[in-house]
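# Prediction below, plus the sequence it came from.
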Amino acid sequence: MPQYAVLIYEKETPGGVADIPPEVMEANLRAGERIAAMGARVVHEQALQPSSTTRTIHKNGLVTDGPFIESKEVIAGFFVVEAADLDQAIAIGRLLPIMDGAVEVRPLLAQ
């Protein structure tokens, strides 16, 4: 089965994970079983620390604090899923609860 990256973008909240409403956290925790029920499989999932912990390495080797791109939304976490096709991967992305951001679905290069 092809694999897809599912990137979750959200606006950062001052309290981090503590500021995520309980219903959003619960929906995130149920996503794996809903994905499996679709006949797809989560290969890996990971939440990320706040963007303030990011270090960016530039072309000249300079290391700076923060993400490479300044934006209102940051990558909050990601999944790698095996799905039948892009349409199924998009359906998986739609399962994920989003407060103020978006979900990006991107095919991975075949290995």
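Perfect, I can see it now. Numbers count the residues shown, from 1 in each chain.

# Identify the residue spatially nearest to A102, adjacent ones excluded.
The shortest distance from A102 to any residue other than its chain neighbours is 5.0 Å, reached at Y9 (CB to CB, 6 or more residues apart in numbering). From N, CA and C alone the C-beta is placed, and that goes for glycine too.

# for the one you found, helix, strand, or coil?
Look at Y9: counting by DSSP: H, G, I helix; E, B strand; the rest coil, its state is strand.

# for E26, same thing?
For E26, the reduced secondary structure class is helix; criterion used: three-state DSSP.

# returning to what we had before: next, count neighbours for the residue nearest to A102.
18 (other CB atoms under 10 Å).

# do you know how far it is from V63?
24 Å (CB to CB, to the nearest Å).

# how about E45, secondary structure?
When classified by three-state DSSP, E45 comes out as strand.

# ok, now which ones touch it?
Residues near E45 by CB atoms under 8 Å, 6 or more residues apart in numbering: 32, 77-80.

# One more pass at 7 Å, please.
With contacts taken as CB atoms under 7 Å, 6 or more residues apart in numbering, E45 has the following neighbours: F79.

# Now do the same for the residue nearest to A102: its pLDDT.
The pLDDT attached to Y9 in the predicted structure is 92.

# Spit out the contact partners of it.
If you count contacts by CB under 7 Å, 6+ apart, Y9 has them with 73-76, 101-102, 104.

# rerun at 8 Å
Applying CB under 8 Å, 6+ apart to Y9 gives the contacts 73-76, 101-104.
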